[in-house]
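Chemist: structure of the sequence below:
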Amino acid sequence: MPNDRFIAYFTMEIALDPSMPTYSGGLGVLAGDTIRSVADLQVPVVAVCLLHRKGYFYQRLDAQGRQTEDPVEWAVNDFLTEMRERATVSIEGRELQLRAWKYGVKGVSGYEVPVYFLDTDLPENSPWDRQLTGHLYGGDDWYRLCQEVILGIGGVRMLRALGYRDLRRFHMNEGHAAFLTIELLNEEAERTGKNTIGQPEIEAVRAKCIFTTHTPVPAGHDQFPLDLVDKLAGNFKWMVDMQDLFAVDVQKHTMQYGGDFARMPELAQRGLRLNMTYLALNLSHYINGVAKKHGEVSRLMFADYPIDAITNGVHAATWATEPFQALFDRHIPGWREDNFSLRYVLNIPDAELWEAHQKAKQELLAYVNRKSNLGMDQDVLTVGFARRVATYKRADLLFYDIERLRRIAREVGPIQVIYAGKAHPRDVQGKDLIRRIFQAGEALKPDIKMAFLANYDTWLARRLTGGVDIWLNTPQPPNEASGTSGMKAALNGVPSFSILDGWWVEGHIENFTGWSIGAPVSHGPEGYDCSGDADCLYGKLEHVIVPMYYRDRKTFMRAMYGSIAINGAFFNTQRMVQQYVVKAYL
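Modeler: Now for the predicted structure:
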């Protein structure tokens, strides 16, 4: 019932089903895992997203690694239930009609969290307007701006139309939904019968809002020219009270403008832009980064704001593969309800843990061999790397010195490598990176087999993170806000081999939860010397990991146990949601 929900969670993308292309990567996967744990813990939440009828994209890779993209076609009616309620937002003076589709996420005890997907594909709307909820992260600035107005302003209005009148907290998963603060200000002004916004209205809205920032790079925060924002002025029912210095100061901070107070048209003429992150920062009472290191980086980027940190997690019951679920069910009853109990994995016999891993690995390699015809071997050390293909993630660091890698495989022990990931359609450098990985794979033949699997999604991610022997992560620090793929691997006893950035700064215990690459970073990327990263990577492969895997299984398995008992038991969304409840929702 709407009146038993007190928290609204807004996200531009969310991963709930592999057949629903309503996500592009880590942000959406985290949102899906968050809502699953919210349902498990029976937290009174309702969630809002856009429908994305055409999804992110379907990836195709040719033999040379050239990526092409197709729209994703999916049958909305097969997964979602249409709601009869309607809401509107204003776009260039015309009323845009919105409808909502409902998806229910059921927790371990049957408690259900509704997720509403906003849709503009209605006959009442113009052909262009009908496409606004079509493509995730598609189009130009104007298309993206309209999408964010639909999510933030339209999302609040839709919740009201659906009967959610008692919401006390509004959680923005990144800045895409920051326009919800504008609609809440509208509501406060209407409630008090005022036609201007001052300190009381701003403080009332700030008390309701929570903002989670995920981006440690300034260029990654959405910004829109004010002349475009002005076209949406029909949604802004209020004006800032020019006599209220507090309100004027908030507007200046939001616009990042140091001059005298001015109305939006004048600011637009001066070429200013609206930064969605600053809009959220200025109108939220609780702000957090997504790992302790990311919290430090965010406080440097936004020094005027109190930014806490709640480290991300993953939904344990979703990301544990079937062999490990069966293993946990036998030895740790109740682990789904209490993820902390996974520490008791230390009592499970070696033979049973190894058997579960081998079953997960067998399933993965069977799929890889069907797709690639490479004949990958169950007994060979298998390295996994899969995530969004962006240059800062340095997916090709493993191939920095191909001859040294080849020598390790020949002289120390055989290695095989599995890659997956999508580059954004407009990311030319990311697409070039995929081609270079394909070229490296060809150059390594026949000594090392390398597969690059197309169309990376949550179905494939679960098999990859659970079926390889070690999980590789090589971002350029401090650009990794958190990262969650290594957490998924840890749940399945797969140790990480990673740069000390993001969550791994907290999860790393050398030789017990995995292995580090390089040294900890305490400064910005401009001062980071990455020349030693490849040498460290090869050195640990040659002298520690490969010999340990083939000649000291007991020690290697110690890292498998540690991955589950230390990292699987802690880096989960059950713990994460509990922290949000205590720090932000109460």
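Chemist: so which residues of the stretch 401-550 of the chain form helices?
Modeler: Taking DSSP state H, counting those that start in this stretch as the test, the helices found in the stretch 401-550 of the chain are 402-411, 428-444, 458-467, 485-491, 504-507, 533-540, 546-551.
Chemist: quick one: list the elements packing against the third one.
Modeler: Right, helix 458-467. With contacts taken as 3 or more CB pairs under 8 Å, 6 or more residues apart in numbering; DSSP states H and E, helix 458-467 sits against helix 26-40, helix 316-319, helix 350-372, strand 381-386, strand 415-420, helix 485-491. Just so you know, the C-beta spots here come from the backbone N, C-alpha and C atoms, and that holds for glycine as well.
Chemist: can we see that at 7 Å?
Modeler: helix 350-372, strand 381-386, strand 415-420, helix 485-491 (3 or more CB pairs under 7 Å, 6 or more residues apart in numbering; DSSP states H and E).
Chemist: for those, which one sits closest to Gly65?
Modeler: Proximity to Gly65 (CB to CB) singles out strand 415-420 among the helices and strands packed on helix 458-467, at 10.0 Å.
Chemist: packing partners for that closest one?
Modeler: Using 3+ CB pairs under 7 Å, 6+ apart: strand 415-420 touches strand 381-386, strand 449-453, helix 458-467.
Chemist: what comes up buried for the longest one?
Modeler: Buried positions in helix 458-467, judged by neighbour count with 16 or more other CB atoms under 10 Å: 458, 460-467.
Chemist: how distant is that helix from the center of its chain?
Modeler: 16 Å (CA atoms, centre = their mean, to the nearest Å).
Chemist: what comes into contact with that helix?
Modeler: 15, 18, 29, 319, 321, 324, 360-361, 363-364, 367, 384, 386, 418, 420, 453, 471, 485, 488-489, 492, 494 (CB atoms under 7 Å, 6 or more residues apart in numbering).
Chemist: again with stretch 266-274
Modeler: Counting by CB under 7 Å, 6+ apart, 223-227, 229-230, 255, 257 sit against stretch 266-274.
Chemist: among the residues you listed, which ones are in strands?
Modeler: 223-225 (DSSP state E).
Chemist: part of a helix, is His171?
Modeler: No - counting by DSSP: H, G, I helix; E, B strand; the rest coil, His171 falls outside a helix, being strand.
Chemist: buried sites along stretch 320-329?
Modeler: Buried residues in stretch 320-329 (16+ other CB under 10 Å): 320-321, 323-325, 327-328.
Chemist: and those residues as JSON lines, adding secondary structure and pLDDT?
Modeler: Below are the buried residues of stretch 320-329 laid out as JSON lines (DSSP: H, G, I helix; E, B strand; the rest coil; pLDDT from 0 to 100):
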{"residue": "Ala320", "secondary structure": "coil", "pLDDT": "98"}
{"residue": "Thr321", "secondary structure": "coil", "pLDDT": "98"}
{"residue": "Pro323", "secondary structure": "helix", "pLDDT": "98"}
{"residue": "Phe324", "secondary structure": "helix", "pLDDT": "98"}
{"residue": "Gln325", "secondary structure": "helix", "pLDDT": "98"}
{"residue": "Leu327", "secondary structure": "helix", "pLDDT": "98"}
{"residue": "Phe328", "secondary structure": "helix", "pLDDT": "98"}
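Chemist: ok so, going back, and the helices of the stretch 401-550 of the chain, which is most packed in?
Modeler: Highest mean neighbour count among the helices of the stretch 401-550 of the chain (mean count of other CB atoms under 10 Å): helix 485-491, with a mean of 29.
Chemist: helices or strands next to that helix in the packing?
Modeler: Counting by 3+ CB pairs under 7 Å, 6+ apart, helix 485-491 packs on helix 316-319, helix 458-467, strand 470-473, strand 496-499.
Chemist: given the third one, what are its sheet partners and their directions?
Modeler: In its sheet, strand 470-473 lies beside strand 381-386 (parallel), strand 496-499 (parallel), with partners assigned from DSSP bridges.
Chemist: and the angle from the first one to helix 350-372?
Modeler: By that I understand strand 381-386. 60 degrees (axes from the mean of the first three to the mean of the last three CA atoms, to 10 degrees).
Chemist: tell me the average confidence for strand 381-386?
Modeler: Averaged across strand 381-386, the pLDDT comes to 98.
Chemist: next: the last one.
Modeler: Averaging pLDDT along strand 496-499 gives 98.
Chemist: ok, residues contacting that strand?
Modeler: 470-475, 477, 486, 489-490, 504, 513-518, 533, 545.
Chemist: what residues go with each domain of this structure?
Modeler: 2-60+67-284, 316-521+528-571 (automatic domain parsing).
Chemist: in its sheet, what does the longest strand belonging to the chain sit against?
Modeler: Ranked by residue count and defined by DSSP E, the top strand of the chain is strand 94-106. Strand 94-106 pairs in its sheet with strand 81-91 (antiparallel), strand 112-119 (antiparallel), by DSSP bridges.
Chemist: buried ones in the longest one?
Modeler: What it means is strand 81-91. Neighbour-count burial for strand 81-91 [16+ other CB under 10 Å]: 83, 87-91.
Chemist: grab the nearest non-local neighbour of Asn347.
Modeler: His331 (6.8 Å; CB to CB, 6 or more residues apart in numbering).
Chemist: is it true that that neighbour touches Arg343?
Modeler: No - under the criterion of CB atoms under 7 Å, His331 makes no contact with Arg343, lying 11.9 Å away.
Chemist: Arg336: neighbour count?
Modeler: 20 (other CB atoms under 10 Å).
Chemist: now do the phi/psi pair for Gln131.
Modeler: Phi and psi for Gln131, reported as degrees, to the nearest 10, are phi -90, psi 0.
Chemist: gap between it and Gln67?
Modeler: Distance of Gln131 to Gln67, given as CB to CB, to the nearest Å: 23 Å.
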